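>>> Here is a sequence together with a model predicted from it:
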Amino acid sequence: MGSAQGRPTAVRSSSPRRASVLAPTAFDQHAVLDPSESLAFTLIPNTSPVALLTLHNVGATVLTFAVQTKAAHAHRFFADPPQGIVGPGKCATVVVGLKQGFCRAFLAAAPDDRSHEPYSLLVHGLLGRRQDDDGVAARAL
């Protein structure tokens, strides 16, 4: 067995479960990620391990989101759904998984040759238009 980690970056919140590691942005005023710091996966041969990422819309407008990985890491992860819409006060749960080929290669490598560096996920958000602003906010995680 091995382990791999995806590491979305936290957003500012007063809740103890939602720790802050970055200064707040416009995205932080409308969305909170849970878990806020990292996703952990337990690797088991012939499986595609998954972790859940929940996006809470704490703003007063509709939020359209997209979850992406860096192009260099696209062969390692998938997100289901990769994008969606969350209404005010609602939440969406995204399944983030490790692709089976990556798990197989990771487990086949000698323990000393396995990379344990964190991989970044990117969560984009587009806010519903309001009369007082252009409605665009994004957060790289």
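Sure thing, it's come through. Numbering: from 1, shown residues only.

>>> Could you use CA atoms for every contact and neighbour count after this?
Will do.

>>> Angles on the backbone of the nearest residue to Phe65 once chain neighbours are set aside, please.
Among residues not flanking Phe65 along the chain, Gly125 sits closest, at 4.4 Å (Cα to Cα, 6 or more residues apart in numbering). Recorded main-chain torsions at Gly125 are phi -140, psi 140, according to degrees, to the nearest 10.

>>> And the helices in the protein?
100-108 (DSSP state H).

>>> The residue nearest to Phe65 and Lys70, how far apart?
Using Cα to Cα, to the nearest Å, Gly125 is found at 16 Å from Lys70.

>>> which one of those two has more residues nearby?
Taking other Cα atoms under 10 Å, Gly125 and Lys70 do not tie; Gly125 has more neighbours (26 against 13).

>>> Could you find the closest non-adjacent residue to Arg104?
Pro45 (6.4 Å).

>>> The one you found touches Cys103, doesn't it?
Yes. With contacts counted by Cα atoms under 8 Å, Pro45 reaches Cys103, the gap being 7.2 Å.
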